[in-house]
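# Could you work out the structure for the sequence below:
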Amino acid sequence: MPSDQPSVAQRAMSQRPTAGLPPGSRRLLVPIGCVALTLFIATVEQTVAVLGARGDLIAAQARQQNAYDQSVDYRNQLDAIAVDTVTLASQGDPAAKAITDALRQQGIKLPEPKQPQQP
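Sure, this is the predicted structure:
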């Protein structure tokens, strides 16, 4: 008793996502899928590597922060000493004048002397 209706197997075959594609293009689906999967895996791998490097850089910065803060404090102290020395030299102190002259001969830039505050 043959029927004009398609069998269950025939209906399942016609509902495949590649059913509407030409026969030659069906062969390309597997290689294209493999390439897409490979690119996805490579992207995930690179993302994980970059995130790991980012974490390492953040940790290195945190380890160096204390030393950086100390160096900024020392630099500010040295700048204050230099300003005071230049101010003394401009007021006529011979020892301060000798120090500023020696530093300038070595090519070290010194700040301008502070002008005394007038009330």
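# any low-confidence regions in this structure?
Along the chain, segments meeting pLDDT under 70 span 1-4, 6, 8-25, 114-119.
# What ranges does it have for its helices?
8-14, 23-26, 29-90, 94-105 (DSSP state H).
# Work out the gap between the longest one and the centre of the chain.
It stands for helix 29-90. Chain-centre distance of helix 29-90: 6 Å, with C-alpha atoms, centre = their mean, to the nearest Å.
# and that helix, what other elements does it pack with?
On a contact count with 3 or more C-beta pairs under 8 Å, 6 or more residues apart in numbering; DSSP states H and E, helix 29-90 meets helix 94-105. Any C-beta I mention is one placed from the backbone N, CA and C, and that applies to glycine too.
# Tell me the buried residues in the helix it packs on?
Buried residues in helix 94-105, counted by 16 or more other C-beta atoms under 10 Å: 96-97, 99-100.
# Need the contact partners of it.
85-86, 88-89, 110 (C-beta atoms under 8 Å, 6 or more residues apart in numbering).
# looking at the helices of the chain, which is buried most?
helix 94-105 (a mean of 13; mean count of other C-beta atoms under 10 Å).
# Export only the CA atoms of that helix, formatted as CSV.
Extracted in CSV, the C-alpha atoms of helix 94-105 (Å, rounded to 0.1, in the frame of the first residue of the first chain):
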residue,chain,number,x,y,z
PRO,A,94,79.4,81.8,50.5
ALA,A,95,79.0,78.0,51.2
ALA,A,96,75.6,77.9,49.4
LYS,A,97,77.1,79.9,46.5
ALA,A,98,80.0,77.4,46.2
ILE,A,99,77.5,74.5,46.1
THR,A,100,75.2,76.1,43.5
ASP,A,101,78.2,77.0,41.3
ALA,A,102,79.5,73.4,41.5
LEU,A,103,76.1,72.0,40.6
ARG,A,104,75.7,74.3,37.7
GLN,A,105,79.2,73.4,36.4
